[in-house]
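Enquirer: 3D model of this:
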Amino acid sequence: MRPVDLIPADQRHGQNAPMRTGPLPYLLVGTLVVLLAAVALLVTASNQVSERKSELTKLEREDMAAETQAKRLAAYVQFQTVHEQRLATITSLADSRFDWERVMRELGLVLPGDVWLSEMNASASSDAEGQAAGSGTLRGGVLGPALEITGCTTGQEAVAGFVTALKDIDGVTRVGVEESSLPDQENGSAGGGEGGSKCQTRDFIAEFKITVAFDAAPVPAVASGTEEEVAAEGEEEAPAETESSGEGETETAE
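Expert: Down below sits the predicted model:
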């Protein structure tokens, strides 16, 4: 038989007691939990948005400060750039200047006692304005500074000795003898006569014309009235050494 509970429903206890409030409280509790979770998520998202906005504002302020500082320092950067450019230009121009004073001083030290000079021309380049109109062919083959010397000495051997002495000058790359001749005795040119040189007062005195080249020195360039930096070195081969007695030409290569 199926058991039957004869206790009234309002007096029952335990598992058999009926639900007095129904499912409504559970629905309310679930709704509250969902609302609480939504509020928590909303607060968290709001806090994150506020933090991001604060960080964005801070970065914008830092960016504005950096931009302001960059604008303030731009003048100094430009000044430094101009300073470096001018310093490089001045250094280049200074390097392109050739120290003729030193060359003259060393020439005086190596000049033999039996050699006397009648003419000397110094030019910084083969197309320099100060180059003498009567410059020889050897000068045209030297791109850089060169020294042209004309004078007399006691014979051809003394000319060769002078050429060797000129090579001791610092910076000299080659020495070329364009002309070395004794007086023409047949025409009576010795002693400064017709067709002779003023320094050839004896028949054994040789007159020479020598070109001293400084190929390794930088070549200064002048364009439109303004000096520009040029660093060109002469790379021409030195002429082979030839010697001749009397009116022959002599060229020596170091």
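Enquirer: only C-alpha atoms from now on, for both contacts and neighbour counts.
Expert: OK.
Enquirer: now do the helices in the stretch 51-200 of the chain.
Expert: 100-110, 137-140, 156-166 (DSSP state H, counting those that start in this stretch).
Enquirer: quick one: closest of those to Ala40.
Expert: For Ala40, the closest of the helices of the stretch 51-200 of the chain is helix 100-110, at 90.4 Å, according to Cα to Cα.
Enquirer: restricting to C-alpha, output that closest one in CSV.
Expert: Provided in CSV are the C-alpha atoms of helix 100-110 (Å, rounded to 0.1, in the frame of the first residue of the first chain):
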residue,chain,number,x,y,z
TRP,A,100,106.1,79.8,-48.7
GLU,A,101,107.9,81.3,-45.8
ARG,A,102,109.1,77.9,-44.7
VAL,A,103,110.2,77.1,-48.2
MET,A,104,112.2,80.3,-48.5
ARG,A,105,113.8,79.7,-45.2
GLU,A,106,114.8,76.1,-46.1
LEU,A,107,116.0,77.3,-49.5
GLY,A,108,118.3,79.7,-47.8
LEU,A,109,119.7,76.9,-45.7
VAL,A,110,120.4,74.5,-48.6
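Enquirer: buried stuff in that helix?
Expert: 103, 107 (16 or more other Cα atoms under 10 Å).
Enquirer: for stretch 68-84, same thing?
Expert: Residues of stretch 68-84 include none that count as buried (16+ other Cα under 10 Å).
Enquirer: about what we covered before: mind putting the helices of the stretch 51-200 of the chain into a markdown table with mean pLDDT?
Expert: Listed next are those as a markdown table, based on pLDDT from 0 to 100:
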| stretch | mean pLDDT |
| --- | --- |
| helix 100-110 | 91 |
| helix 137-140 | 79 |
| helix 156-166 | 93 |
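Enquirer: closest to Val49 out of the ones you listed?
Expert: Across those, closest to Val49 is helix 100-110 (Cα to Cα), at 77.7 Å.
Enquirer: got the contact list for the closest one?
Expert: With contact meaning Cα atoms under 8 Å, 6 or more residues apart in numbering, helix 100-110 is reached by 165-166, 168-170.
Enquirer: just those residues now: which is nearest Thr91?
Expert: Thr91 has its nearest neighbour among the contacts of helix 100-110 in Asp170, at 21.6 Å by Cα to Cα.
Enquirer: identify the residues contacting that closest one.
Expert: Asp170 makes contact with 103, 106, according to Cα under 8 Å, 6+ apart.
Enquirer: what distance do you get for it to Met120?
Expert: 18 Å (Cα to Cα, to the nearest Å).
Enquirer: could you do Arg97 as well?
Expert: Going from Arg97 to Met120 by Cα to Cα gives 19 Å.
Enquirer: again, but for Leu36
Expert: 107 Å.
Enquirer: do the same with Arg61
Expert: In this view, Arg61 and Met120 are 73 Å apart by Cα to Cα.
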